[in-house]
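> model the structure of this input:
(one chain, ligands or ions: 2)
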Amino acid sequence: MADQQTPIVVKFGGSSFIELPAYRRVARHLSELAHDEGRPVVAVVSGMSGSTGRLLEAARDVDPDLEPHVQDQVLATAEIVSVGLLRAALHAEGVRATDLWAPHIGMRRIASGPVIAVDRRRLLDALVGKTVAVVAGGQALDSDGRIVMFGRNSSDLTAVAVAAAVGADQCQIYSDVDGVYTADPHVVPGARLMPELSYAQCAAMSSSGAKVLHAGAVRLAEVHGIDIVCASLTPDGAVTGSVIGAGRGLAAVVGDRRTQVFRFVGASADDALERARACGVVGVTVVQGDETIHCFAGQQGDVAAALRRAGIDALAVSGLGLLSVVQPDGQTEHTAVGVDSLDGAVRDLHVHLHGDSAATTRWPAPKRRSNHSGLLLSARRAEG
Ligand SMILES: Nc1ncnc2c1ncn2[C@@H]1O[C@H](COP(=O)(O)OP(=O)(O)O)[C@@H](O)[C@H]1O
Ligand SMILES: N[C@@H](CC(=O)OP(=O)(O)O)C(=O)O
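Ligands and ions are numbered 1, 2, ... in the order given. Below is the predicted model of the structure:
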């Protein structure tokens, strides 16, 4: 149970760090939050938007058959840079702060599943005399003490694990949108903000490929009864849009173009799907016409490599995306749609469900990436 001494836990995703001055803005916000609430703040951060993708591209260029632990080592640097920059910004703002990576607070991956443990004592000790602790998202140590990553968008998971460790009853997640909408507002400008929605719906949306929150983070929050509060830091201050917890949302439409679609060869498709799920790949079966195909939401990164490692023989089918309707109780229906018509299909389905809402959002523009995350690749290209 949270009390007056319990730290506030917030997470700032890569979309909050498009430009370098954003680190100073976030630092000022953290300082004000701690001051207003009279409690220290633990801020979990992701790498700058685009940095993980660029590092992955660079590492695969060097070794197309990259070993998973080497990949994780390279990717972890995105968050380490971001922690350093936010720590520097806090210093520049005169805020007493500390910076923490996985080894500093005993962040461990338990067994092979995506479950993360945080050493509560070490985290609280690190906060003594500090106003803000900055924590690297998405990373943990495995049983050999090596750094491992939990996959794309997993800083949300770290944030919820930290909230559970310190006994917080909410975890504030900041990004470029202030909440969860009935569709991606970058695709459907008339999408409606859901002031509240259930864990089940949010986890189903994430598993279907909605990027807004990590499915494992939502499930972990439910286990610990932690409310996830979605917020955005705007030039006019923080705006809070959705609470994920016991509330009820509206039917939502999700289009996922990162989904990887496979036909299975040899072993029965159901068996292959079960085995794929057992190695952590989010898979759904879609019946399309006379054919059953299998779509894997892109959350797990390189699905093909995961299937190969599991010894599953599968043929990739290109050009298909996953279109899903997720009900307030989490019930979901999936269809596969050509990627070129996916956004249009999402918009049509949204009009069908919610009418042609005249409401617009403040985020109709395409998603931005930080230019500062491209330094490594620019250097590599210059060398040829
Ligand atoms: N239903 C939805 N509601 C809100 N945002 C969504 C939804 N579906 C997808 N998104 C996308 O999620 C993005 C926020 O997640 P993400 O890019 O991972 O942010 P961050 O980098 O801050 O973690 C938004 O920019 C939006 O494009
Ligand atoms: N390295 C992760 C970090 C993360 O969680 O990102 P974000 O908070 O931007 O979703 C990624 O880009 O996938």
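> okay, CA-based contacts and neighbour counts for the rest of this
Fine.
> who in the stretch 51-200 of the chain is up against ligand 2?
Where proximity means C-alpha under 6 Å from any ligand atom, the interface of the stretch 51-200 of the chain facing ligand 2 comprises 52, 152-155.
> out of these, who's the most crowded?
Ser155 (30 neighbours; other C-alpha atoms under 10 Å).
> and the residue nearest to Pro185 when sequence neighbours are not counted, how far from Arg347?
In space, and not counting its chain neighbours, Pro185 is closest to Ala191: 5.6 Å by C-alpha to C-alpha, 6 or more residues apart in numbering. Distance, Ala191 to Arg347, by C-alpha to C-alpha, to the nearest Å: 9 Å.
> neighbour count for these two, which is higher?
In this view Ala191 and Arg347 are compared by other C-alpha under 10 Å, and Ala191 has more residues nearby, 26 against 22.
> list phi and psi for the more buried one.
Torsion angles at Ala191 (phi, psi; degrees, to the nearest 10) stand at phi -60, psi 150.
> show me the strands in the stretch 201-350 of the chain, by range?
Using DSSP state E, counting those that start in this stretch, the strands of the stretch 201-350 of the chain run over residues 227-234, 237-245, 252-256, 260-264, 283-288, 291-296, 314-317, 320-326, 332-338.
> mind checking the end-to-end distance for stretch 107-116?
Stretch 107-116 has its terminal residues 7 Å apart, counting by C-alpha to C-alpha.
> who touches it?
Applying C-alpha atoms under 8 Å, 6 or more residues apart in numbering, the contact partners of stretch 107-116 are 102, 117-119, 139-143, 148, 150, 157-158, 161, 216, 280.
> next one: stretch 132-144 to chain centre, how far?
In terms of C-alpha atoms, centre = their mean, to the nearest Å, the centre of stretch 132-144 is set 15 Å apart from its chain centre.
> where does the stretch 201-350 of the chain have low pLDDT?
By pLDDT under 70, the low-scoring segments of the stretch 201-350 of the chain are 263-270, 272-273, 275-303, 306.
> close to ligand 1: what parts of the stretch 151-300 of the chain are there?
153, 175-177, 179-184, 186, 210-212.
> of the residues you listed - the most surrounded one?
For those, neighbours tallied by other C-alpha under 10 Å; top is Val180, 29 neighbours.
> any idea how far it lies from Ile18?
In this view, Val180 and Ile18 are 21 Å apart by C-alpha to C-alpha.
> repeat for Arg108
The gap separating Arg108 from Ile18 is 29 Å, by C-alpha to C-alpha.
> with neighbour numbers in mind, choose between those two.
For Arg108 versus Ile18, neighbours defined as other C-alpha under 10 Å are more numerous around Arg108 (22 against 19).
> quick check on that one: phi, psi?
Here is the backbone geometry of Arg108 (degrees, to the nearest 10): phi -120, psi 150.
> please apply the same query to the one 10 residues further on.
For Val118, the backbone dihedrals are phi -120, psi 140 (criterion: degrees, to the nearest 10).
> to what extent is Arg28 buried, counted in neighbours?
Close neighbours of Arg28, defined as other C-alpha under 10 Å, add up to 17.
> for it, give me its contacts.
Going by C-alpha under 8 Å, 6+ apart, Arg28 touches 90, 93.
> so what pLDDT did it get?
Per-residue pLDDT puts Arg28 at 98.
> helix, strand or coil: sort out it for me.
Following DSSP: H, G, I helix; E, B strand; the rest coil, we place Arg28 in the helix state.
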